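>>> using only what follows, build the 3D model:
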Amino acid sequence: MKYNGPKFKLCRREGINLFGVNKYDVRKRKKTPGQHGVTMSRLSEYGKLLRNKQVIKRMYLLTEKQFKRTVIDEAGKYAKNKGVSHDEVAIQFLERRLDSVVLRAGLANTIMQARQMVGHGHFLLNGKKHNSSSYFVKVGDKISLKSKLITSPLYSSIPLSSGNYKLPTWLNVKKDNFEIEVIDFPRSEEISLPADILKVIEFYARA
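Just a heads-up that it's a prediction; the model follows:
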């Protein structure tokens, strides 16, 4: 089920800033939601795995169905066919979603904003209209901002416009026209997750 409630509540529940902007700084209110709050030390091993899974799922703002399909079904099948590490591929699949790519390219401040931009048709994929955030980009794909939006005030306040935004090595971004080219797959050493993707896989294996 899609979550439409306050995003800060999710951050408080997990005890971390899931979305990377000051608005969601949990130090403002450390106590977790609920009358008494919950601490990780009180949880069972299964409970700790669950919280670990919830952190990553909520970081990418996916429903349970979307998250499991991406991390277990699609990434697992790809890893088995290619004979590569399931956890490495799972991270790659999450990062290769179009909304994640727009975020990593510095064209959005949060995953929520990136998804809204994609959903509203701000971008072209290889020169054609595209508004599906769940698309997994491939090497060689080009994502370009519609020309009429290049001078929009919305894109003057994005991280890329700050001049010191560090781009991941797997993306080539042209700052003058906000064109993204996928030149490689995401590298795990460049991706900092607040939880362990291996524990996510373990969680589903136990379920």
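>>> which residue packs closest to the residue nearest to the spatial centre of the chain, ignoring adjacent ones?
Geometric centre of the chain, nearest residue: Tyr60, 3.6 Å, by Cα atoms, centre = their mean. Leaving aside its sequence neighbours, Tyr60 sits nearest to Leu94 (Cβ to Cβ, 6 or more residues apart in numbering; 5.5 Å). Bear in mind the C-beta positions are built from the backbone N, C-alpha and C, glycine included.
>>> looking at this protein, which helix or strand does the model trust least?
Every helix and strand of the chain was ranked by mean pLDDT, DSSP states H and E. The lowest is helix 7-14, at a mean of 91.
>>> for it, buried residues please.
7-8, 10-14 (16 or more other Cβ atoms under 10 Å).
>>> with stretch 53-67 instead?
53-62, 66-67.
>>> I'd say the residue nearest to the centre of the chain and Thr110 touch.
No: using Cβ atoms under 8 Å, Tyr60 is not in contact with Thr110; the gap is 11.4 Å.
>>> what is in contact with these two at once?
When Cβ atoms under 8 Å, 6 or more residues apart in numbering defines a contact, no residue borders Tyr60 and Thr110 alike.
>>> domains for the chain, by residue range?
Domain assignment for the chain, taken from automatic domain parsing, gives 7-88+192-206, 97-184.
>>> good, we can wrap up now.
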